[in-house]
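Asks: Give me a 3D structure for the following:
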Amino acid sequence: MANDHKTLVVTLGGQSQVVTFALDALLAKNEIIDQVLVLHLAPENQRVAKALSQLAQEFTGDRYQHANVAMRYRAMPILKGQETLRDINNETDAEAVWQALYALIAELKAQGHTLHLCVAGGRRMLGLMALSAATLHFDHRDRAWHLFTPDELRTHAFEGALRHVPANAGVRLIQVPLSPWGAYFPGLRALVGMSSERVLDVQSSWIENEEQVRCQHVITQLTERQRDVLRQFALGHAPQQVAEALNITLKTVDTHKSVILDLCRNEWQAATGSRLDYHFLRDKFRDRFQ
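Replies: All right, here's what the predicted structure looks like:
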């Protein structure tokens, strides 16, 4: 079995401090990081080259000098074929980024890595693609982070002028909620080589099929009158409109609605105390009676 390695993956532009700020914040949370991977475009760009040079000084001899801990560091340019991608200018470039990040995160997870992903630096599309790939391969142990840096500090730290700050400087990591779709639909993780568009089509298809099964299971447990009420909600009607359309009292509508929503809570495994209403019924069942 592969060892449980903990890896920080950071997207980089011309600001080396996003890597060290994020790493220092994780270490302050008592996270043990074994490896730092920095994803970047255009290493020949002057600002990117400067940032990479600054980071190389932070990590020497497989050691993070600031914290004096063993840690592997790798700067990883995004490739388009055999060449380094200079920028993301079109859909072909975006697809190259998707394939590179999809393959990287898949490989790291196959090797047993727990991942921390920070997308504070570099092109926005680079970060978005990294998050998209993460949804297919992350599990409950992995984390995605937003790095918050106060405006004044961001100015002083520009282009790596400051790469480490005191704990009370206001830098902090904020966890990004991320649905690990690959954990729910493991087949998505096997779609290596497919285009991002095709992967999303397959993902949407599987989710739609799952939703259809849930909806049908609820419908089959209802009485005929409860189905009539659900059908009216699916059409987008409010409770009073349902009562008028079916010539029943609002109280009767609410009684049927409560039964329907209880079944939905069970079927969608809604968290205890979560509130579902007739808007939920409209959104989930709007196409189920056609």
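
Asks: residue ranges for the strands of this structure, please.
Replies: Taking DSSP state E as the criterion, the chain contains strands spanning 6-12, 35-40, 63-64, 69-70, 72-77, 79-80, 83-84, 114-118, 143-148, 172-175.

Asks: What average pLDDT does the first one get?
Replies: In this case it means strand 6-12. Per-residue pLDDT values across strand 6-12 average out to 96.

Asks: what helices or strands is that strand leaning on?
Replies: helix 17-28, strand 35-40, helix 46-58, helix 91-110, strand 114-118, helix 124-137 (3 or more CB pairs under 8 Å, 6 or more residues apart in numbering; DSSP states H and E). Backbone N, C-alpha and C define where each C-beta goes, glycine included.

Asks: can you check the third one too?
Replies: If you count contacts as 3+ CB pairs under 8 Å, 6+ apart, strand 63-64 packs onto strand 69-70.

Asks: partners of the strand it packs on in the sheet?
Replies: Applying DSSP bridges to the sheet, strand 69-70 is found paired with strand 63-64 (antiparallel).

Asks: which ones are touching Leu115?
Replies: Neighbour list for Leu115: 6-9, 105, 108-109, 134, 138, 142-143 [criterion: CB atoms under 8 Å, 6 or more residues apart in numbering].

Asks: Against Leu8, how distant is it?
Replies: 8 Å (CB to CB, to the nearest Å).

Asks: what do you get for Val48?
Replies: Counting by CB to CB - Val48 and Leu8 are separated by 19 Å.

Asks: follow-up on the earlier one: distance to Leu52 added to the strands of the chain, as JSON lines?
Replies: JSON lines is the format used below for those (distance: least, CB to CB, whole Å):
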{"stretch": "strand 6-12", "distance to Leu52": "8"}
{"stretch": "strand 35-40", "distance to Leu52": "7"}
{"stretch": "strand 63-64", "distance to Leu52": "16"}
{"stretch": "strand 69-70", "distance to Leu52": "21"}
{"stretch": "strand 72-77", "distance to Leu52": "5"}
{"stretch": "strand 79-80", "distance to Leu52": "16"}
{"stretch": "strand 83-84", "distance to Leu52": "12"}
{"stretch": "strand 114-118", "distance to Leu52": "17"}
{"stretch": "strand 143-148", "distance to Leu52": "18"}
{"stretch": "strand 172-175", "distance to Leu52": "22"}
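
Asks: Having no further points to raise, I will conclude here.
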